[in-house]
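Colleague: sequence isn't available, so here's the structure alone:
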């Protein structure tokens, strides 16, 4: 199985259900977790995650150190990724990851690890970078407007989902709608803080955490002027499908069906 | 063989060497060319290319008609693409193509055609759309600056090359450098007007036409502040490799080597 675990940022470290789920899927006491802290500008980011993962019972937790492109691809780094059971990408600025690792042997080893079944997760910037074309930055606001979203190529674990984070906290529905209108071949996945949209085999999304995941599916768009508008004007879109998924809900890409928790439906 | 033929716009229709090369590679009098005119807002764009391709000896030339997403994926359209020997995407606005065809059966049929060996070419917007993450719009100028380039997911014939067009005519070196600094995993290919960068098997680029092709290779970047700059300030990049390739020159992605025409070197 191929599993992605994008997290919407602001993980609740007092009540770390999301961290526990990551460790469980990584193999628990047998887990070998590799942390990529390069998105962060703060020196202690990697060590903070090592400490917490270990406290929560993860077997082995290592930091992949790599301060520059020239140092990307050492035998030690590649071997670390070859034996990892999980990779965790911290928050910060997603373009620090794309500009540092793009085209290096580290990028290739990350994608190979995912292909062989290694869990790949990340929070905030670490969630965005998982998409082939990622949202690098943009503006908040509920209405899609021209130039609202700035894409950059990401690491490319999936080209079927575009992940956005801090979603309702930073009012990012407008920019995600813009992204999907511009290219309805990918599904927008807006992840709230302390929430994760676990993705299995590039198809099934399952929600865990304390917030919601907003799915923006453009496959049924009948008309849009996204290619015509200029000067930051609002963009018109007809026929978007939107699902707001709370924990326990899921969405399947191949059938485009959302399922709500059974408990909710029985009440 | 898998062949892409991105053209930098402003094809010289008085002296159509590029059109002739496209027809030759499409099979000449046995060619079955399908034209996608949807990037253009002008009604006669498709018919103009049909006329010229036929005058230059192409066997069969058809227009794929598709005014809306709801009409994308008819049996007639899919069959047309299944038997095509070449697909030609006209100029206009590249987001008209991504927003119209993204996620539809037409997109899937275009990619399948390329995979089975069908030639895929396009001019201006039709060149940009060939990249997996495409340059949708941006500003001109020689110096890379923050927010200078606006990416959107394209049709995805290649994720190893990012094509830009009207390259020296519109002074687009700055934005192409920005794009490569943000993600050095892809090579920037800036194509001048009436010039083509024929791409074979996602590896070999060969230049034809009256202008040049500028290759921006970021694999040796040692440092950049692309992830840090704000407010449209200039971006610093150390270690870019740039090749300016005139007709008859070539560039190989796997070896990162440029070759100039033998004639030039003998002089």
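Modeller: Structure's in. What do you need? Owing to the predicted nature of the structure, the values given are computational and were not obtained by experimental measurement.

Colleague: just the strands from the stretch 51-200 of chain A, written as ranges.
Modeller: A:60-63, A:86-89, A:119-123, A:133-138, A:149-153, A:161-164, A:187-191, A:195-200 (DSSP state E, counting those that start in this stretch).

Colleague: in JSON lines, list these along with mean pLDDT.
Modeller: Converted to JSON lines, the strands of the stretch 51-200 of chain A look like this (pLDDT from 0 to 100):
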{"stretch": "strand A:60-63", "mean pLDDT": "98"}
{"stretch": "strand A:86-89", "mean pLDDT": "98"}
{"stretch": "strand A:119-123", "mean pLDDT": "98"}
{"stretch": "strand A:133-138", "mean pLDDT": "94"}
{"stretch": "strand A:149-153", "mean pLDDT": "95"}
{"stretch": "strand A:161-164", "mean pLDDT": "98"}
{"stretch": "strand A:187-191", "mean pLDDT": "97"}
{"stretch": "strand A:195-200", "mean pLDDT": "98"}
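
Colleague: need these in JSON lines (columns: mean neighbour count and distance to residue A:100).
Modeller: (Each C-beta comes from the backbone N, C-alpha and C, glycine too.) Shown next, in JSON lines, are the strands of the stretch 51-200 of chain A (neighbours: other CB atoms under 10 Å in any protein chain shown; distance: least, CB to CB, whole Å):
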{"stretch": "strand A:60-63", "mean neighbour count": "18", "distance to residue A:100": "15"}
{"stretch": "strand A:86-89", "mean neighbour count": "27", "distance to residue A:100": "12"}
{"stretch": "strand A:119-123", "mean neighbour count": "28", "distance to residue A:100": "14"}
{"stretch": "strand A:133-138", "mean neighbour count": "23", "distance to residue A:100": "14"}
{"stretch": "strand A:149-153", "mean neighbour count": "24", "distance to residue A:100": "13"}
{"stretch": "strand A:161-164", "mean neighbour count": "27", "distance to residue A:100": "19"}
{"stretch": "strand A:187-191", "mean neighbour count": "28", "distance to residue A:100": "23"}
{"stretch": "strand A:195-200", "mean neighbour count": "25", "distance to residue A:100": "24"}
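
Colleague: grab the nearest non-local neighbour of the residue nearest to the spatial centre of chain A.
Modeller: When CA atoms, centre = their mean is applied to chain A, the residue found nearest the centroid is residue A:127 (2.5 Å). Leaving aside its sequence neighbours, residue A:127 sits nearest to residue A:6 (CB to CB, 6 or more residues apart in numbering or on different chains; 3.4 Å).

Colleague: picking up where we left off before, the residue nearest to the centre of chain A contacts residue A:10, doesn't it?
Modeller: No - using CB atoms under 8 Å, residue A:127 is not in contact with residue A:10, being 11.6 Å away.

Colleague: point out where chain A drops to low pLDDT.
Modeller: Where chain A drops to pLDDT under 70, the residues are A:263-267.

Colleague: which residues does the residue nearest to residue A:127 contact?
Modeller: Neighbouring residues of residue A:6 by CB atoms under 8 Å, 6 or more residues apart in numbering or on different chains: A:121-123, A:126-128, A:130, A:163, A:165, A:189, A:191, A:196-197, A:199.

Colleague: 10 Å - rerun?
Modeller: A:89, A:120-124, A:126-131, A:157-158, A:161, A:163-165, A:189, A:191, A:195-199, A:205, A:213 (CB atoms under 10 Å, 6 or more residues apart in numbering or on different chains).

Colleague: residues of the stretch 1-150 of chain A that sit close to chain B?
Modeller: Neighbours of chain B within the stretch 1-150 of chain A, by CB under 10 Å from any CB of the partner chain: A:38-39, A:41, A:68-70, A:92-104, A:107-108, A:125, A:131-134, A:136-137, A:146-147, A:149-150.

Colleague: which among those end up buried?
Modeller: When neighbours are counted using 16 or more other CB atoms under 10 Å in any protein chain shown, those contain these buried positions: A:38-39, A:69, A:92-104, A:107, A:125, A:131-134, A:136-137, A:146-147, A:149-150.

Colleague: so who does residue A:114 touch?
Modeller: A:2, A:3, A:4, A:81, A:87, A:120, A:130, A:155, A:156, A:157, A:158.

Colleague: contacting residues around the spatially closest residue to the second one that is not a sequence neighbour?
Modeller: Right, the one you point to is residue A:3. Spatial nearest neighbour of residue A:3, excluding adjacent residues (CB to CB, 6+ apart): residue A:119 at 5.0 Å. Residue A:119 sits next to A:1-5, A:22-27, A:31, A:33, A:84-88, A:113, A:198 when contact means CB under 10 Å, 6+ apart.
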